[in-house]
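# quick one, structure for this:
(one chain, ligands or ions: 1)
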Amino acid sequence: MAFLINNLFGTAVAVVVTSYFLKIVYRTIQMRRRFSKLPGPPHHPILGHLKVMGEIAAALPKRVHPHVYAHYLREKYNLPPVFYLDIYPVSAPLLVVLHPETAHQLSEAKLNKDPALLDVVEPLAGRENILCSDGLRWKKWRAIFNPGFSVQQLMSQVPMIVDCAAAFVRILDNHAAHNDLFRMEEEATKITIDVIGKAICAHDFKCLHSDDNEFVKTMRKSLSWMPDTQTLNPFDRYNPMRAIMHRYYKKKMDNYIGRMLDERFAVGAPDRKVKKKTAIDLAIVEYFKENGQDVDSRTATMDAEFRQNAINNLEVLLFAGHDTTASTLCYCYALLKKHPNVLAKVCQELDSVFGTEVSVAEQLRQNPYLINDCHYLLAVIKEVLRLWSPASGVKQGRKDYFIKDPVTGDMLPTEDCVIWINVITVHRDPRNWEDPDAFIPERFLSENADKFNPDAYRPFERGPRNCIGQELAYIELKVVLAMTVREFDVSTAFDELESLSNDGSIWNSVKGRLDGPQECFGDEMYQILLAAAKPREGMPARVTKRKR
Ligand code: HEM
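I've put the predicted structure just below:
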């Protein structure tokens, strides 16, 4: 009997593994077909991409974010503002767009999101969610959540953000007192998760107070299984364990968010007249709207399909709402440290808006609108986002959709292509920006607003699929920076990286990260792809208290 069971088990495993690899081979062949349809000179079936990948591997650091390597190729080969990129079999054909007007047309066109986005988002928030869906499904959930991001709703959240920032200050205080080495991205993630948890779900993940939250631990573990988009190693690229682990972690995250949703649902329909609503309440209001106000939520259970959609959407808000903001906060500290003249101007502005007698926290709790007076601070954040945008979008090409080449006027087919607006290149192109690699926040002061093309600035993308959370991100970043930059001197500590090599963080799961080049754009804190673009190594840092 045992022999039979063993044999059956062995055969089942062999069938699953073989069919998995056959599927990969089939997909890889199919992908090659997509390349054969591209116009222009024949694309090398193998050598073209290997050459490109080899060059990237030699010239750029490991795991560098793809938007950085597209920028590198563009500069090295002086590529036109719209070009096809063949890196088969790493990706389907890419149609890279670096031209502001073409990017504008794309963001207004009704193109679907490309399924390539799912590689990153599906493990964390499923396939159907406001970030990845299109058409009516997207429209419905965007309309449900929009009121949760109104100015009135967001300003009502300022005191909550201040409380979280106060806990973040205590964390920095503690690091300063112990003069220890830490990863800023991990600390920044704590505040951005707590803020987004409260803003979206009215739930305290308590990350600022303990490292023990089940949802957050699971999400970080899932992130550590994200694929390396550059690797040509098939065992790494097609590791079958990845799908299994991602599914396992997704289930755990679903259970956590599902419990939260059920508890809130059991309370009944949120009062429709109350204007301030979090996303979770807005989802529940929608449920009652669709199913009738007489549903007794104490005894009824939520329809399974609606429940799963709500879970996916809350997860995507939690995910998109924390990791981009945490990454930006790290770059704000790093760039302010590098540019003491800018820091001095920020401090001067804070002195004039808040003075030095009463704490920023206390004043903001009394009058949240004071944060809108920090115009220079906002310009700093915008400039940080120009240089180090953490996210960009990919659209799916279509048989009937052509892009006009801005140089030749040719109509370029998009069928079977992943259309990618490479934000970093648009943001660092000398045709769009004067001295594009320099850190000059003044560009974003109101008196200079007409000096750049708005389509050349798109950290939150533009058009109907722009970021729903951009105002929340700006408010949160302004509050946290206003409460910390005058108090703390934050320095990067890349020269001490070795000491963090056994800290059990997700950074240590990035294999080979310390081999080869360790700089991009002349900066050691380049971006790597780990869901959003994160600062390399999570920004090893030290902090001291400023003397004032
Ligand atoms: C600095 C912070 C942030 C940056 C740079 C950023 C950037 C972006 C970008 C570039 C997109 C478009 C993606 C695409 O086209 O595929 C996007 C979409 C989105 N972002 Fe953000 N984001 C930030 C913060 C937030 C926050 C705080 C939330 C909070 C909920 C959020 C939620 C979303 C959602 C739900 C979408 C999809 C919107 C739609 O398709 O209707 N983001 N974000």
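
# go ahead and confirm Ser491 touches Pro540.
No: counting by Cβ atoms under 8 Å, Ser491 sits too far from Pro540 to count as a contact (9.7 Å). Every C-beta, even on glycine, is put in place using the N, C-alpha and C of the backbone.

# who has more neighbours, those two?
Per other Cβ atoms under 10 Å, whichever of Ser491 and Pro540 has more neighbours is Pro540, with 26 against 13.

# can you give me the pLDDT of the closest residue to that one other than its chain neighbours?
Distances taken as Cβ to Cβ, 6 or more residues apart in numbering place Ala493 nearest to Pro540, at 4.5 Å, with adjacent residues excluded. The model reports Ala493 with a pLDDT of 96.

# pretty sure Ala493 contacts Arg183?
No: Ala493 is beyond contact range of Arg183, at 9.7 Å (criterion: Cβ under 8 Å).

# what is in contact with these two at once?
Listed as contacting both Ala493 and Arg183 by Cβ atoms under 8 Å, 6 or more residues apart in numbering are 540-541.

# ok, and what's touching stretch 342-351?
335-337, 360, 374-377, 380, 439, 441, 481-482, 485-486.

# ok, the residue nearest to Pro540 - contacts?
181, 540-542 are the contacts of Ala493 under Cβ under 8 Å, 6+ apart.

# just these: which are in strands?
Of these, the ones assigned to strands by DSSP state E are 540-542.

# tell me the one of those nearest the ligand?
The ligand lies nearest to Ala541 out of those, by Cβ to the nearest ligand atom, at 19.1 Å.

# residue contacts, the closest one?
181-184, 333, 490-493.

# at 10 Å instead, please
Applying Cβ atoms under 10 Å, 6 or more residues apart in numbering to Ala541 gives the contacts 172, 175, 180-185, 187-188, 330, 333-334, 337, 490-494, 496, 535.

# name the nearest residue to the residue of the stretch 51-200 of the chain found nearest the ligand, ignoring sequence neighbours.
Using Cβ to the nearest ligand atom, the closest approach of the stretch 51-200 of the chain to the ligand is made by Leu131 at 4.1 Å. The spatially closest residue to Leu131, leaving aside those adjacent along the chain, is Val316, at 4.9 Å (Cβ to Cβ, 6+ apart).

# how many neighbours does the one you found have?
21.

# then Asn179?
Count around Asn179 with other Cβ under 10 Å applied: 9.

# check Arg259 too.
Around Arg259 there are 11 residues (other Cβ under 10 Å).

# what separation do you get for it and the ligand?
21 Å (Cβ to the nearest ligand atom, to the nearest Å).

# and Ala202, by the same measure?
14 Å.

# neighbours of that residue, how many?
15.

# Pro123 too?
24.

# tell me which residues of whichever strand or helix holds it are tucked away?
For Pro123, the host element (DSSP states H and E) is helix 118-125. Neighbour-count burial for helix 118-125 flags 120-125 (criterion: 16 or more other Cβ atoms under 10 Å).

# out of those residues, which one has the lowest pLDDT?
Within the buried residues of helix 118-125, lowest confidence goes to Val120 (85).

# thought that residue was touching Gly393?
No: if you go by Cβ atoms under 10 Å, Val120 and Gly393 don't touch, sitting 11.6 Å apart.

# can you give me the strands for the chain?
82-85, 94-97, 182-183, 394-396, 402-404, 411-413, 418-421, 488-492, 527-530, 532-535, 540-545.

# redo those as a markdown table? Include distance to the ligand.
Converted to a markdown table, those look like this (distance: least, Cβ to the nearest ligand atom, whole Å):
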| stretch | distance to the ligand |
| --- | --- |
| strand 82-85 | 18 |
| strand 94-97 | 12 |
| strand 182-183 | 19 |
| strand 394-396 | 7 |
| strand 402-404 | 17 |
| strand 411-413 | 20 |
| strand 418-421 | 8 |
| strand 488-492 | 18 |
| strand 527-530 | 12 |
| strand 532-535 | 8 |
| strand 540-545 | 19 |
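
# and among those, the most buried is which?
strand 532-535 (a mean of 26; mean count of other Cβ atoms under 10 Å).

# and Ser389, what does it touch?
65, 67, 324, 327-328, 331, 422-424, 426-428, 457-461, 527, 532-533.

# pLDDT weak spots in the chain?
Within the chain, the stretches with pLDDT under 70 are 1-6, 20-51, 88-90, 229-232, 234, 269-276, 294-295, 297-299, 509-511.

# what residues are up against whatever residue of the stretch 201-350 of the chain ends up closest to the ligand?
Relative to the ligand, the nearest point of the stretch 201-350 of the chain is Gly321 (2.9 Å; Cβ to the nearest ligand atom). The neighbours of Gly321, taking Cβ under 10 Å, 6+ apart as the test, are 192-193, 195-197, 199-200, 279, 467-469, 472-473, 476.

# how much space separates it from Leu385?
Noted for Gly321: a distance of 15 Å to Leu385, by Cβ to Cβ, to the nearest Å.

# now do the helices in the stretch 351-500 of the chain.
360-366, 375-387, 423-427, 470-484 (DSSP state H, counting those that start in this stretch).

# mean neighbour count, these: which tops it?
By mean count of other Cβ under 10 Å, these have helix 423-427 as the most buried, with a mean of 25.

# what about that one and the ligand, touching?
No: using Cβ under 6 Å from any ligand atom, we find that helix 423-427 stays clear of the ligand, coming within 7.1 Å at best.

# distance from that helix to the middle of the chain?
When distances are taken as Cα atoms, centre = their mean, to the nearest Å, helix 423-427 is centred 16 Å away from the chain's centroid.

# flag every residue of the stretch 251-400 of the chain that's near the ligand.
So the stretch 251-400 of the chain meets the ligand at 316-317, 320-321, 324-325, 328, 385, 389-393 (Cβ under 6 Å from any ligand atom).
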